[in-house]
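S.K.: sequence and computational prediction follow.
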Amino acid sequence: MTRLRVLVVGGGIAGAAAALALHKAGFDVAVYEAHPDSAEDIGAFLTLASNGMRALAELDASPTVTAIGFPLTSMRVVDDTGAEVAHVPLGEAGTPHLQYRCLRRGDLNAALQAEVTRRGVGIRHGARLVGIEEGPDGVTAHFADGSTATGDLLIGADGLTSTVRRLIAPDARPGYAGQYVFYGCTGAAPESAEGETITMVRGSTVAFGYAVSPTGETYWFARVSDTPLAADDIAHGTPTRWRDLLLPLLRKDTTPAADLVAATPDHLMVTNATELPTGTPWRSGRALVIGDAAHAASPATGQGASMALEDAVVLAKSLRDAPDTDEALSLYETLRRPRVEHNITVSGGISRGTHTPSGPGPRAGGGNRPGDDELIRHLEWGTDLRRLMP
């Protein structure tokens, strides 16, 4: 394929990773980010699973990410009395650069964007997309400040509320996945906490999880099944309001969860878990959406960021391996849609209580555990994706 000019709209995890992958594949890339700086959702944390770490390794970006956050090599599961019911290795715990990693979303965004810049790919901040115009020889992005950018392909990596998706598939809207989710961080840590371990609490009314960093900070989440919180409540809620809402539910059980939440003064946020319906269109002409813009799922499987990193690698390889853009995007969708839509279904089922994972903790969505041969072949940079088709 000729040297494509690719516009990436969105500089978060999916967009930055796509820029790294497309640059590695030899294409001309520019990133346009609406946010005025590198960090979003600074108070939220996430875990990158082994499959996400494998994708980063194929982008030669492992050192960038392992320099921040901390590894998670095992998962401990306790019941509503605090009794341990399982303790198992997590992902590919024996391979350092593939170990699960816990880190702040804003730190990951900043690290990936810094790596994009270091490799010579331009990122323009404060560029809010308002329109897309297709022509016979390219696609033009129109931004709120009146500026434009033209390329051969436009990648929408602009998240759950994607402008690109709204422009190419206006009927595709995210819906409530059955839970609202709290995220917090406190300097307190349970006496029983173990290093490099995430503890999952199967509470009587709340699904809770926490991990303690090497410096003694505890990152936690709580998923509550209920009707969605009003947007105004989320926008104007305070840490005190969220603690008052969550603590009575947690105090029904004898686990460390209530004490951790009570010890969280300010770093506390809440969001409604949302998902996109399966079958959401991903493509129109020269525009394609990836990551949460294409296949947002509830956070129950913890696979959102890792799936976005996989997208970046498979997209760049598809464009590299196929003879033309149209065939490349069809190849990409054929390879990715079954995996990510299975994750939507499984994660949504967990959130709604209609699906129970077969093991003690969440699987790595899409029917494949990290390390499965099929996934490795999709991500391995030297593999020609066309040869993997039936």
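M.R.: Structure received. Numbering: from 1, shown residues only.
S.K.: ok, what's across the strand from Ile155?
M.R.: Beta-bridge pairing for Ile155 (DSSP bridges): Val8, Leu288.
S.K.: quick one: pLDDT of Asp152?
M.R.: We have a pLDDT of 97 for Asp152.
S.K.: does it touch Val6 like I think?
M.R.: Yes: if you go by CB atoms under 8 Å, Asp152 and Val6 touch, sitting 6.9 Å apart. Quick note: C-beta positions are derived from backbone N, CA and C, even for glycine.
S.K.: give me the more crowded residue out of these two.
M.R.: The residue with more neighbours, out of Asp152 and Val6, is Val6; 27 against 19, by other CB atoms under 10 Å.
S.K.: confirm that that one sits in a strand.
M.R.: Yes: membership of Val6 in a strand is supported by DSSP: H, G, I helix; E, B strand; the rest coil.
S.K.: that one touches Ala21, doesn't it?
M.R.: No: if you go by CB under 8 Å, Val6 and Ala21 don't touch, sitting 10.2 Å apart.
S.K.: mind listing the shared neighbours of these two?
M.R.: Counting by CB atoms under 8 Å, 6 or more residues apart in numbering, no residue touches both Val6 and Ala21.
S.K.: for Leu98, list the residues it contacts.
M.R.: Here Leu98 is in contact with Ser50, Met53, Arg54, Ala57, Gly91, Glu92, Pro370 (CB under 8 Å, 6+ apart).
S.K.: pull the most distant pair out of the residues you listed.
M.R.: For the contacts of Leu98, the maximum inter-member distance is 13.2 Å, found between Ala57 and Gly91 (CB to CB).
S.K.: so for those two, which sits in the more crowded spot?
M.R.: Neighbour count, other CB under 10 Å: between Ala57 and Gly91, Gly91 has more, with 28 against 20.
S.K.: surely that one meets Gln99?
M.R.: Yes: assessed by CB under 8 Å, Gly91 is found in contact with Gln99 at 6.7 Å.
S.K.: any residues in contact with both of the two?
M.R.: Counting by CB under 8 Å, 6+ apart, the residues touching both Gly91 and Gln99 are Ser50.
S.K.: strands of the stretch 201-350 of the chain, residue ranges please.
M.R.: For the stretch 201-350 of the chain, the strands defined by DSSP state E, counting those that start in this stretch cover 206-212, 218-225, 268-275, 283-284, 287-289.
S.K.: for Thr334, find the nearest of those strands.
M.R.: strand 283-284 (11.9 Å).
S.K.: may I have the strands that pair with the closest one, each with its orientation?
M.R.: Taking DSSP bridges as the criterion, strand 283-284 forms sheet pairs with strand 287-289 (antiparallel).
S.K.: so which of the contacts of Leu98 belong to helices?
M.R.: Using DSSP state H, Ser50, Met53, Arg54, Ala57 are the members of those that sit in helices.
S.K.: would you mind checking the residues you listed for buried ones?
M.R.: Buried residues within these, counting neighbours by 16 or more other CB atoms under 10 Å: Ser50, Met53, Arg54, Ala57.
S.K.: center of the chain, which residue is that?
M.R.: With distances taken as CA atoms, centre = their mean, Ala305 lies nearest the centre of the chain, 2.0 Å away.
S.K.: so what's that residue up against?
M.R.: So Ala305 contacts Ile13, Leu46, Thr47, Leu48, Gly52, Arg105, Leu108 (CB under 8 Å, 6+ apart).
S.K.: quick check, nearest of those to Ser162?
M.R.: Nearest to Ser162, judged by CB to CB, of those is Ile13 at 13.7 Å.
S.K.: the closest one: what's it in contact with?
M.R.: By CB under 8 Å, 6+ apart, the neighbours of Ile13 are Arg105, Leu108, Asn109, Leu112, Gly291, Ala305, Ala308, Leu309.
S.K.: go with 7 Å
M.R.: With contact taken as CB atoms under 7 Å, 6 or more residues apart in numbering, Ile13 is in contact with Leu108, Asn109, Leu112, Gly291, Ala305, Ala308, Leu309.
S.K.: distance of it relative to Tyr176?
M.R.: Remark: distance between Ile13 and Tyr176 (CB to CB, to the nearest Å) = 23 Å.
S.K.: same deal with Asn343?
M.R.: Note on Asn343: its distance to Tyr176, by CB to CB, is 18 Å.
S.K.: same check on Gly203?
M.R.: 21 Å.
S.K.: so those two - more neighbours on which side?
M.R.: Using other CB under 10 Å, the more surrounded residue of Gly203 and Tyr176 is Gly203, with 21 against 15.
S.K.: backbone dihedrals for the more buried one, please?
M.R.: Main-chain torsions, Gly203, degrees, to the nearest 10: phi -70, psi 170.
S.K.: that one against Gly82, yeah?
M.R.: No: between Gly203 and Gly82 there is no contact, the gap being 10.2 Å when judged by CB atoms under 7 Å.
S.K.: remind me which residues of the chain are low pLDDT?
M.R.: Along the chain, segments meeting pLDDT under 70 span 1-2, 38-43, 355-371.
S.K.: where exactly do the helices run in it?
M.R.: Here the chain has its helices, by DSSP H, at 13-24, 50-58, 62-66, 105-118, 163-168, 231-236, 239-250, 257-262, 292-295, 304-321, 325-352, 373-379.
S.K.: tell me the most buried of those helices?
M.R.: Of the helices of the chain, the one with the most neighbours on average (mean count of other CB atoms under 10 Å) is helix 292-295, at a mean of 29.
S.K.: quick one, what contacts the nearest residue to Ser162 once chain neighbours are set aside?
M.R.: Nearest residue to Ser162, sequence neighbours excluded (CB to CB, 6 or more residues apart in numbering): Ala293, at 3.5 Å. In this structure, Ala293 makes contact with Gly156, Ala157, Asp158, Gly159, Ser162, Val164, Arg165, judged by CB under 7 Å, 6+ apart.
S.K.: and for Ile234?
M.R.: Ile234 makes contacts with Val270, Thr271, as judged by CB under 7 Å, 6+ apart.
S.K.: just give the closest residue to Phe144, not the sequence neighbours.
M.R.: To be clear, residue 144 is Ala; Phe isn't right here. Arg128 (4.2 Å).
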